[in-house]
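**Q** Curious how this folds, go ahead:
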Amino acid sequence: MPAGPVQLPNFQVRESPTIVAPTATAQSTKPEPQIDRAEPPFEVRLSTIRSRAKVFRSGDITEVQQAQAANLQVDDSIEVIKLEEQDEQSYSILDFSDDLEVELFGNTSVFLADLRQAAGGSTHVTLRLEGGNMFVHLNDQTTSQVMVQTLYATIRTLTDGAEFDVCHNEELTCVLVKKGVVEVSAQGRMNIVKAGEAGLVLKDESPSPTICAPTPVFIAWEGRYRRFVNARALDKELSLLPQKPCTVTASGFPFNARILYRDEFRNPSSGWARGTIGNFIVDYLRLSGRRYYRYYQVQVQGPNDQYFASVPKDRVYGDVNVDIKVAAEAASSSDFRYGLILRQSGDQYYAFIISPVNKTWYFLKSSSTGLETLREGTDERMRGLEARKTLRVEAYGSIFLLYINGRFIDWISDPDYASGEVGLFVESMDSPDALINFDSIIIWDVPPAVQNPNQGAREYCFNARDDDGDRLIDRSDPNCQRLDLPSTSLPLPTNTLKPTNTPKPTNTLTPQPTNTPKPTNTLTPQPTNTPGPTNTPKPTRTPTPQPTNPPPATNTPQPTNPPPNTNTPQPTNPPPDTNTPEPPPPPDTNTPEPPPPLDTNTPGSLLISDMPIPDPVQNLLVLKRENSEFCPQVASQKTRSFLFELNRCNPILFSPEGTETYDQFISHRS
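**A** Model prediction:
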């Protein structure tokens with residue numbers, strides 16, 4: 001995890017139209033899917049590309065060396081170790097089969113909190129970012145939902161194929177979205193952050209308004225951050241931006257919006273229905289004294305009836321955004337509703353409508369059985385009956401974002417209708433005389449950002465595009481190929497830099513987690529200068545177990561007890577590579593050389609977990625640093641008292657005088 005406090009960026013946050021009203025957090029209207037929690041649905045694999053990493057599992061700590069891999073499971077914690085004295089960024093990748101990819105960088109700590117698969121095949125992943133920076137990429141061809149939790153905020157994907165970056169430090173949590181939509185919640189409030197935007201949550205505060213974070217700019221930043229260790233972190237990069245929302249056109253659309261259909265009802269030949277239809281009279285309306293038409297008017301002639309009209313020429317749309325501008329009037333005070341429909345096919349459609357009389361909004365779902373209200377709410381900021389109102393629905397797969405007059409209202413999830421026609425909707429309710437004047441309808445979308453291969457673009461592995469310009473797509477690209485790296489089994493004490501408080505007997509060659517050591521083949525009281533038994537492996541794992549005195553045999557593979565060198569952890573089970581700095585190999589097994597004698601005059605020269613420590617001060621500091629996460633009682637002194645506290649986390653204390661428990665050790669010396 002990052003060391004030391006991080007200075008808070010000078011964020012001057014301004015009001016944003018996407019800030020959320022204090023409404024309840026939206027939930028899917030569907031029942032929760034049945035989820036199998038028994039086994040992970042697929043392989044979760046950590047690949048250390050240009051870094052080392054520690055994996056914490058059930059009290060054991062395994063170090064995964066550079067250019068190696070390890071399979072993970074729920075409740076594993078990962079710490080990416082920043083490689084010293086190199087210009088390249090330390091870099092690892094966490095793969096969830098072909099559903100999800102997470103890029104991890106130096107000094108980043110992540111906990112795999114949950115991994116579930118619903119009956120329909122959707123995957124739910126929960127990660128806890130404890131510090132650092134991570135880039136998250138979802139496959140838009142699969143249904144995956146990711147939740148990233150930090151100490152200050154919860155970030156949840158709302159759309160398939162979302163791509164976003166997250167940072168967390170002692171002062172704040174930040175999120176940048178490059179594709180799709182995410183929800184950021186904190187302190188009972190939530191914001192929606194869309195592609196090209198960023199959000200910030202300060203410690204103990206609700207989410208700040210979103211700011212504009214142009215996707216091409218941050219794609220280029222990602223390329224620099226992957227390559228160079230001195231590149232600015234995400235929070236620093238965001239602090240350099242103007243702290244304001246993205247600029248929009250006079251009509252309220254992003255500058256890069258594509259207009260797919262527009263009708264301002266100036267031309268009566270544009271194709272909308274005209275005449276008497278049921279209890280409604282519909283026509284283009286020309287204002288008095290004007291030569292051109294101004295509205296498409298729906299005049300109510302009787303209560304309890306519905307009218308909807310689709311965009312002419314039976315156009316079908318999927319993931320699009322729909323805006324309408326509309327005003328109404330009525331002689332009576334009776335209730336009526338109007339709005340828009342989308343994904344309409346026959347009697348199936350969704351509708352976003354409002355009642356201007358009682359300032360209520362509704363999101364409806366129509367089927368052969370009738371209208372169902374998926375969500376409704378009250379907006380007291382809704383202007384009066386005759387004021388013109390703007391309604392907007394942004395559709396992203398099964399997610400619908402709702403806006404009234406530019407303000408985000410809520411979001412709804414429903415997966416049943418994927419595409420269909422778009423149109424207008426009126427329901428007379430109990431009103432006999434309402435007049436609804438539709439001013440315009442616009443259907444639009446925003447094209448995805450395209451990476452510039454000349455600005456450090458990286459191939460994304462799920463989007464069926466050549467992102468980095470090398471004519472290789474997705475898994476054919478080297479960026480997306482997971483080499484057959486040597487695999488590190490978990491937990492493996494060979495990769496553990498220190499003893500843990502509860503080592504697993506089946507995988508650990510260190511003393512068992514009890515208050516008494518093994519009676520014969522582990523440590524026994526030794527003379528002051530004869531520490532040999534400390535390096536004896538347990539006979540249960542060694543084909544040729546040795547008696548108490550000899551050290552490990554050189555011809556017997558030693559998965560967990562390499563020649564003593566605590567500064568060079570071993571990567572995997574195979575014997576140490578010849579390129580790894582190691583002490584000279586011990587002599588032939590017939591003439592074993594005892595380990596270095598233990599200096600009883602040095603206060604710190606104790607033996608821990610059968611591991612001799614030739615340099616007491618240096619190595620004890622390593623043990624303290626590595627063990628501090630699981631041993632909060634550790635003292636900071638560089639003396640024997642440090643080892644007293646350290647071994648409170650371990651049931652056995654190995655001292656030059658022999659083997660005894662911590663309490664016995666204290667009692668013996670008191």
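
**Q** so what's Asn321 up against?
**A** By Cβ atoms under 8 Å, 6 or more residues apart in numbering, the contact set of Asn321 is 392-395, 443-446. No exception for glycine: its C-beta is placed from N, CA and C like everyone else's.

**Q** Of the residues you listed, which is the nearest to Thr150?
**A** Nearest to Thr150 among the contacts of Asn321: Glu394, at 26.3 Å, using Cβ to Cβ.

**Q** Name the residues linked to that closest one by a beta bridge.
**A** Note on Glu394: beta-bridge partners by DSSP bridges are Asn321, Leu401.

**Q** Ok, Val125 next?
**A** Going by DSSP bridges, Val125 forms beta bridges with Leu115, Val146.

**Q** Check the one 10 residues further on too.
**A** Bridge pairing for Phe135 (DSSP bridges) gives the partners Glu103, Asp165.

**Q** Regarding Leu238, what is its secondary structure?
**A** The three-state label given to Leu238 by DSSP: H, G, I helix; E, B strand; the rest coil is helix.

**Q** Next, count neighbours for it.
**A** Other residues within reach of Leu238, judged by other Cβ atoms under 10 Å, total 25.

**Q** Make sure it is actually in contact with Ala213.
**A** Yes. In this structure, Leu238 is within contact of Ala213 by Cβ atoms under 8 Å, at 6.7 Å.

**Q** which residues are in contact with both of these two?
**A** With Cβ under 8 Å, 6+ apart as the test, Leu238 and Ala213 both reach 176, 198.

**Q** Max pairwise distance over the contacts of Asn321: which two?
**A** Pairwise distances across these peak at 14.4 Å for Val393 and Val446 (criterion: Cβ to Cβ).

**Q** higher neighbour count, these two?
**A** Neighbour comparison, Val393 and Val446: the larger count goes to Val393, with 24 against 16 (by other Cβ under 10 Å).

**Q** hang on, that one packs against Leu401?
**A** Yes. If you go by Cβ under 8 Å, Val393 and Leu401 touch, sitting 7.1 Å apart.

**Q** what ranges of the stretch 351-500 of the chain fall below the confidence cut-off?
**A** For the stretch 351-500 of the chain, applying pLDDT under 70 flags the ranges 450-471, 473-500.

**Q** Walking through it, point out its strands one by one.
**A** Remark: strands assigned in the stretch 351-500 of the chain by DSSP state E, counting those that start in this stretch are 360-367, 370-378, 389-396, 399-404, 407-413, 421-427, 435-445, 487-488.

**Q** okay if I get those as a markdown table plus distance to Gly252?
**A** What follows is the strands of the stretch 351-500 of the chain, written out as a markdown table (distance: least, Cβ to Cβ, whole Å):
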| stretch | distance to Gly252 |
| --- | --- |
| strand 360-367 | 18 |
| strand 370-378 | 22 |
| strand 389-396 | 7 |
| strand 399-404 | 9 |
| strand 407-413 | 11 |
| strand 421-427 | 18 |
| strand 435-445 | 10 |
| strand 487-488 | 53 |
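
**Q** Any idea which of these gets closest to Asp305?
**A** strand 421-427 (7.5 Å).

**Q** packing partners for the closest one?
**A** When contacts are defined as 3 or more Cβ pairs under 8 Å, 6 or more residues apart in numbering; DSSP states H and E, strand 421-427 packs onto strand 293-300, strand 306-310, strand 337-345, strand 348-355, strand 435-445.

**Q** Looking at those strands, which one is packed in the most?
**A** Of the helices and strands packed on strand 421-427, the one with the most neighbours on average (mean count of other Cβ atoms under 10 Å) is strand 337-345, at a mean of 23.

**Q** What are the contacting residues of it?
**A** 298, 308, 310, 317-318, 320, 322, 324, 326, 328, 349-355, 362, 391, 393, 395, 417-427, 429, 436, 441.

**Q** need the contact list for the closest residue to Thr126 other than its chain neighbours.
**A** Excluding the flanking residues, the one nearest Thr126 by Cβ to Cβ, 6 or more residues apart in numbering is Asp114, at 3.8 Å. Residues in contact with Asp114 (Cβ under 8 Å, 6+ apart) are 74, 124-126.

**Q** Please apply the same query to Ala395.
**A** 318-322, 342-343.

**Q** Kindly reformat these as TSV and extend each row with pLDDT and distance to Trp411.
**A** As requested, those are exported to TSV (pLDDT from 0 to 100; distance: Cβ to Cβ, whole Å):
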residue	pLDDT	distance to Trp411
Gly318	94	18
Asp319	94	14
Val320	96	16
Asn321	97	13
Val322	98	15
Leu342	97	15
Arg343	97	16
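
**Q** Let me have these in JSON lines, extended by distance to Gly275.
**A** Putting the contacts of Ala395 into JSON lines (distance: Cβ to Cβ, whole Å) gives the following:
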{"residue": "Gly318", "distance to Gly275": "31"}
{"residue": "Asp319", "distance to Gly275": "34"}
{"residue": "Val320", "distance to Gly275": "29"}
{"residue": "Asn321", "distance to Gly275": "30"}
{"residue": "Val322", "distance to Gly275": "25"}
{"residue": "Leu342", "distance to Gly275": "25"}
{"residue": "Arg343", "distance to Gly275": "27"}
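
**Q** Considering the residues you listed, which is situated nearest to Gln149?
**A** Asp319 (27.9 Å).

**Q** tell me the contacts of the closest one?
**A** Residues in contact with Asp319 (Cβ under 8 Å, 6+ apart) are 395-397, 445.

**Q** do Leu385 as well
**A** Counting by Cβ under 8 Å, 6+ apart, Leu385 makes contact with 328-330, 356-357.
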